[in-house]
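> Could you look at this predicted model? Sequence included:
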Protein chains: 2
Amino acid sequence: MEGRLPDPGDALTGVEMFSGLEPDVRQRVIQAAVPRTYRKGQLLFVENDPGESLIVLKRGAVMVFRTAPTGERAVLSVVRPPDTLGEVSLLDGAARSASAEAIEDCQALALSRHAFIELVHANPRILDAVMRSLGALIRRLTEQNADHVFLDLPGRVAKTLVRLAGETNAPMVTIELNQSQLAEMAGGSRQSVNQAIGSFASRGWLRTEGRRIVVTDLSALRRRAGMTDR
Amino acid sequence: MEGRLPDPGDALTGVEMFSGLEPDVRQRVIQAAVPRTYRKGQLLFVENDPGESLIVLKRGAVMVFRTAPTGERAVLSVVRPPDTLGEVSLLDGAARSASAEAIEDCQALALSRHAFIELVHANPRILDAVMRSLGALIRRLTEQNADHVFLDLPGRVAKTLVRLAGETNAPMVTIELNQSQLAEMAGGSRQSVNQAIGSFASRGWLRTEGRRIVVTDLSALRRRAGMTDR
DNA sequence: TCCGTACTGTGCTCGCGATCACCTACGGTG
DNA sequence: CACCGTAGGTGATCGCGAGCACAGTACGGA
């Protein structure tokens, strides 16, 4: 279980949550964290599982979703490095409120609730990062809730694209999800999402390149999603 | 500012979050907390306000909601004692993610973020209650998100009623909201909510008494809302 | 080369639920 | 009393978006 990685000192590089820690604390984190890999399509955890760990994504992408009795999915978010999953179980250790599936091959670190609490004890500053991440989570959930009430489907598709595009100001962003996944994120049918994408494309807001979407006018999408520009 | 209440020792009675504290810690909480009252219709805070305090409800009821540019509202929850509002601002001190309005005359305690952090320092056990409350908040938001995707309007109305009814196993629960407020909670029009209520009533799941709703068959509503009974 | 699979693109129909336009009932106020 | 304002209740119309069906395209494997 130890020395699996070629250079253990690298295990935390690029992980925002543990940046700026003293070398010895850093070392303790590395010892407590269990490296994990997931293949595309693999489930990280399932709704109602006992939630027992925080997962820090280092590479790849994970889809967080809930499942209806019919098998239908509602995707809550797509997580990419340097973000984390499962922070909620740190709060109360209660069951997972959603499922998670790798949509690309992933590399991650898992920290048990127990190990995490000890770490925080040793270095309270780690808490800040988790707190900020939880705050962002609640804000996003709150906003998505309102979006489902206020926005029509094209609006939700636009907003989904904006969220997927992230913070970048780059003139072009490429989205690597298929239309079915987009539909599950926007809360609509695959066909309707297709129509929305088509209408955005005809207005020059984006371009479809085979099975990927290249956003060329992010602020137009923002406006269509009812977001005050910028 | 001090001695305003007839019996200061009573200021914390019935407040779950601060139950089971040692008398001296209890006293410090009372000194740090600012008693507040709100009239029906009064705003406690507005979206994008700087979030600076935790509010512990002692009496009354508060509606938490977001507002669309058109003025339309989406109600996220109705808070009643012994619950709290604005926990999120304790996490990161960032702006409010929703607005809050008293829907009954209210009596509450306000704790500034600063005061709260000091209190936690003195007695870390207070954190547990906040953590649990945050966990519950995230779970509820996650579930509501999925509900907007999976459930039709009558389903969401049913679920709204179930949530408003709370944990009680009592055979009858009275809901004290008008149809417009219910509509804002379920994410639908007032008329459609009226239809749903009517159809529930004709099936004997509830009864309308003037302008209040008396739920008589909670588990039928639960089933209609797609919840695994009990 | 042929087939199986996965994804995109498109037309059609149909039902849910919004919207508009009313009415009734009730309580307060001049 | 007449006059409001507010809330519940109901019908008619209409449009969004789901659902179904199918054509076109890209890709990998036997």
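The structure has been received and is ready for your questions.
> buried ones in whichever strand or helix holds A:Leu141?
Using DSSP states H and E, A:Leu141 maps to helix A:125-150. Buried positions in helix A:125-150, judged by neighbour count with 16 or more other C-beta atoms under 10 Å in any protein chain shown: A:126, A:129-135, A:137-150. C-betas here are computed from N, CA, C, even on glycine.
> do stretch A:58-65 as well
Counting neighbours by 16+ other C-beta under 10 Å, one finds that the buried residues in stretch A:58-65 are A:Lys58, A:Gly60, A:Ala61, A:Val62, A:Met63, A:Val64, A:Phe65.
> Name the next helix or strand downstream of the lowest-mean-pLDDT helix or strand in chain A, please.
Lowest on mean pLDDT, DSSP states H and E among the helices and strands of chain A sits helix A:23-32, with a mean of 82. Using DSSP H and E, the helix or strand that follows helix A:23-32 in sequence is strand A:34-38.
> And the next helix or strand past that next one?
Following strand A:34-38 in sequence order, the next helix or strand is strand A:43-45 (DSSP H and E).
> now the buried residues of stretch A:58-65 as JSON lines including pLDDT and distance to B:Ser112?
Below are the buried residues of stretch A:58-65 laid out as JSON lines (pLDDT from 0 to 100; distance: C-beta to C-beta, whole Å):
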{"residue": "A:Lys58", "pLDDT": "91", "distance to B:Ser112": "38"}
{"residue": "A:Gly60", "pLDDT": "93", "distance to B:Ser112": "41"}
{"residue": "A:Ala61", "pLDDT": "95", "distance to B:Ser112": "40"}
{"residue": "A:Val62", "pLDDT": "96", "distance to B:Ser112": "37"}
{"residue": "A:Met63", "pLDDT": "97", "distance to B:Ser112": "39"}
{"residue": "A:Val64", "pLDDT": "97", "distance to B:Ser112": "34"}
{"residue": "A:Phe65", "pLDDT": "97", "distance to B:Ser112": "38"}
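> can you list those in a markdown table and add secondary structure and distance to B:Ala196?
Putting the buried residues of stretch A:58-65 into a markdown table (DSSP: H, G, I helix; E, B strand; the rest coil; distance: C-beta to C-beta, whole Å) gives the following:
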| residue | secondary structure | distance to B:Ala196 |
| --- | --- | --- |
| A:Lys58 | strand | 47 |
| A:Gly60 | coil | 43 |
| A:Ala61 | coil | 39 |
| A:Val62 | strand | 37 |
| A:Met63 | strand | 33 |
| A:Val64 | strand | 30 |
| A:Phe65 | strand | 27 |
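> for those residues, which one is nearest DNA strand D?
A:Phe65 (16.2 Å; C-beta to the nearest atom of the strand).
> Is that closest one in contact with A:Glu184, as I believe?
Yes: if you go by C-beta atoms under 8 Å, A:Phe65 and A:Glu184 touch, sitting 6.8 Å apart.
> what sits in contact with each of these two?
Counting by C-beta atoms under 8 Å, 6 or more residues apart in numbering or on different chains, the shared contacts of A:Phe65 and A:Glu184 are A:Arg73, A:Ala74, A:Val75.
> can I get those in CSV with secondary structure?
CSV is the format used below for the shared contacts of A:Phe65 and A:Glu184 (DSSP: H, G, I helix; E, B strand; the rest coil):
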residue, secondary structure
A:Arg73, strand
A:Ala74, strand
A:Val75, strand
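> what sits opposite the spatially most central residue of chain A in the beta ladder?
Closest residue to the average C-alpha location of chain A: A:Val79 at 1.6 Å, with C-alpha atoms, centre = their mean. Bridge pairing for A:Val79 (DSSP bridges) gives the partners A:Val62.
> Next, the contact list for it, please.
Under the criterion of C-beta under 8 Å, 6+ apart, the neighbours of A:Val79 are A:Leu57, A:Ala61, A:Val62, A:Met63, A:Val64, A:Leu85, A:Ala100.
> Please repeat the previous calculation with a cut-off of 10 Å.
By C-beta atoms under 10 Å, 6 or more residues apart in numbering or on different chains, the contact set of A:Val79 is A:44, A:55, A:57, A:60-64, A:85-86, A:100, A:103, A:106, A:108.
> For it, report the pLDDT, please.
Listed pLDDT for A:Val79 reads 95.
> What separation is there between it and DNA strand C?
19 Å (C-beta to the nearest atom of the strand, to the nearest Å).
> Relative to B:Pro82, how far out is that residue?
A:Val79 sits at a distance of 34 Å from B:Pro82 (criterion: C-beta to C-beta, to the nearest Å).
> Against which helices or strands is whatever helix or strand comes next after the helix holding A:Leu141 packed?
As assigned by DSSP H and E, the chain's next helix or strand after helix A:125-150 is helix A:153-165. Applying 3 or more C-beta pairs under 10 Å, 6 or more residues apart in numbering or on different chains; DSSP states H and E, one finds that helix A:153-165 contacts strand A:73-79, helix A:125-150, strand A:173-175, helix A:179-186, helix A:190-202, strand A:206-209, strand A:212-215, helix A:218-224.
> Pull out the buried positions in the third one.
It refers to strand A:173-175. Under 16+ other C-beta under 10 Å, the buried positions of strand A:173-175 are A:Val173, A:Ile175.
> can you list contacts of it?
The contact list for strand A:173-175 (C-beta under 10 Å, 6+ apart) reads A:78, A:160-162, A:164-166, A:181-182, A:197, A:206-209, A:212-216, A:218.
> quick one: contacts for A:Phe18?
Applying C-beta under 10 Å, 6+ apart, one finds that A:Phe18 lies in contact with A:11-12, A:25-26, A:29-30, A:33, A:56, A:82, A:109, A:111, A:119, A:123, A:126, A:129.
> ugh, typo on my part, it should be A:Ala165
A:Ala165 makes contact with A:Met172, A:Val173, A:Thr174, A:Ile175, A:Leu206, A:Ile213, A:Val215, A:Leu218, A:Leu221, A:Arg222 under the criterion C-beta under 10 Å, 6+ apart.
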